[in-house]
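Chemist: just coords:
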């Protein structure tokens, strides 16, 4: 083993994070070079969807309204974070007390929105101040901040466009997310100062990297895995959202997941669409070691062969389950469910698909963005 990995492992390795665990120190120039120096994937020619009607659309806010059910199971796992999406990342990073974060998505607009988030995290001392950067009246101020923060960056025009066009959408998502978290009694970066402080400290310490990372491509995730190994960090939370519902497992996806450095505390977090039944998702955690074992089986082409189907007891029922068994192991009778079923109105008869036209009640995503509806860049208006 060379001295380089050993040195960084010594610098960054730490016991499991806790509520009182200090945020790691700012990265050195050499560490930043490792974190930010790996290649990204190329932007795809076409953005995928769960069906043809939803292809080409951008998902700049999350639509999972019960992410709080994950909190007890990812709390304080520490280590590195790697995940898709936007606001979901900051929730999970805060809960897990992650020490490094790779914000990976194959949509350039998502990465550009993360760059806006980073610029505002650096300035905002509280959750309320962060939200104000996205508020309806905050656009001019926000664009000025982006010009300052990303001056000279070739992505600045795109960052301006994404923020300028969709800051209000983000604002209302964060406001509703705060309401849901308070209702659930779960701390979050939009409601709790300690949660917010941790996320912000990671940002200001240079420990968060937004990047183009395609789960099915051969550069972004491979490079992130190599960087994590050099930095001596196991990825403890890998957030896939509902991406696995878009395709069967190709070989490159298997290779990307298998390459991620993991330990006994590493978890894959996924959501499984159930909009027609509970208006949200089923939530699932799986140990990364278990997932790797299943992916080694070539006959396994979908999460549906791994995660037992849990029937909802009512429209208010939001299951969270965990898979830690491997191929050949006995599956628990309850399918690995972790929370109690919830009584309420009966589940309606399931239609032929669990998707509907975008923007309608029950659609897999909330108001996805059609590129044809995007306003011109701010500087062009």
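Modeler: Nice, thanks for sending it over. The model shown is predicted, which means the values in this text are computed figures rather than measured ones.

Chemist: tell me which stretches of the stretch 201-350 of the chain form helices.
Modeler: According to DSSP state H, counting those that start in this stretch, the stretch 201-350 of the chain carries its helices in the segments 220-230, 251-259, 275-278, 288-295.

Chemist: and these, which is most packed in?
Modeler: Relative to the other members of the helices of the stretch 201-350 of the chain, helix 220-230 carries the highest mean neighbour count by mean count of other CB atoms under 10 Å, namely a mean of 22. All C-beta spots, glycine's among them, are computed from the backbone N, C-alpha and C.

Chemist: and the contacts of it?
Modeler: Identification of contacts with helix 220-230 by CB atoms under 8 Å, 6 or more residues apart in numbering yields 4-5, 8, 34-35, 37-41, 80, 82, 100, 102, 104, 211-215, 234-235, 255-256, 259-261.

Chemist: out of the helices of the stretch 201-350 of the chain, which gets nearest to residue 345?
Modeler: Shortest separation from residue 345 across the helices of the stretch 201-350 of the chain is recorded for helix 275-278, at 10.1 Å, computed as CB to CB.

Chemist: from the chain's centroid, how far away is that closest one?
Modeler: Between the centre of helix 275-278 and the centre of its chain there are 22 Å (CA atoms, centre = their mean, to the nearest Å).

Chemist: dump the helices of the stretch 201-350 of the chain into CSV; add distance to residue 64 and mean pLDDT as well.
Modeler: Converted to CSV, the helices of the stretch 201-350 of the chain look like this (distance: least, CB to CB, whole Å; pLDDT from 0 to 100):
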stretch, distance to residue 64, mean pLDDT
helix 220-230, 22, 98
helix 251-259, 21, 98
helix 275-278, 11, 89
helix 288-295, 20, 98
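
Chemist: what's the neighbour count on residue 75?
Modeler: The local packing count at residue 75 equals 16, with neighbours defined by other CB atoms under 10 Å.

Chemist: contact partners for the closest residue to it other than its chain neighbours?
Modeler: Nearest non-adjacent residue to residue 75, counting by CB to CB, 6 or more residues apart in numbering: residue 95, 5.4 Å away. By CB under 8 Å, 6+ apart, the contact set of residue 95 is 70, 71, 74, 75, 76, 188, 195.

Chemist: is it fair to say residue 95 lies in a helix?
Modeler: Yes - remark: residue 95 belongs to a helix, assigned using DSSP: H, G, I helix; E, B strand; the rest coil.

Chemist: begin at 820, not 1, for the rest of this chat.
Modeler: Yes, from this point I'll number from 820; that puts the last item at residue 914.

Chemist: what stretches of this structure score poorly on pLDDT?
Modeler: Low-confidence segments of the chain, defined by pLDDT under 70: 820-841, 865-875, 1169-1200.

Chemist: would you tell me which helix is longest in it?
Modeler: Longest helix in the chain, counting residues (DSSP state H): helix 975-1003.

Chemist: which one of the helices of the stretch 1020-1169 of the chain lies nearest to residue 980?
Modeler: Judging those by CB to CB, what sits closest to residue 980 is helix 1039-1049, at 22.4 Å.

Chemist: so that closest one versus helix 1070-1078, what angle?
Modeler: Computed by axes from the mean of the first three to the mean of the last three CA atoms, to 10 degrees, the angle separating helix 1039-1049 from helix 1070-1078 equals 10 degrees.

Chemist: if we can go back for a sec, now, of the contacts of helix 1039-1049, which are buried?
Modeler: With neighbours counted using 16 or more other CB atoms under 10 Å, these contain these buried positions: 827, 853-854, 857, 859-860, 899, 901, 919, 921, 923, 1030-1034, 1053-1054, 1075, 1078-1080.

Chemist: can you tell me which residues contact residue 1138?
Modeler: If you count contacts by CB under 8 Å, 6+ apart, residue 1138 has them with 1101, 1102, 1129, 1131, 1156, 1158, 1160.

Chemist: from residue 938, how far off is the nearest residue to it once chain neighbours are set aside?
Modeler: Excluding its sequence neighbours, the residue lying closest to residue 1138 (CB to CB, 6+ apart) is residue 1129, at 4.5 Å. To residue 938, residue 1129 is 41 Å away according to CB to CB, to the nearest Å.
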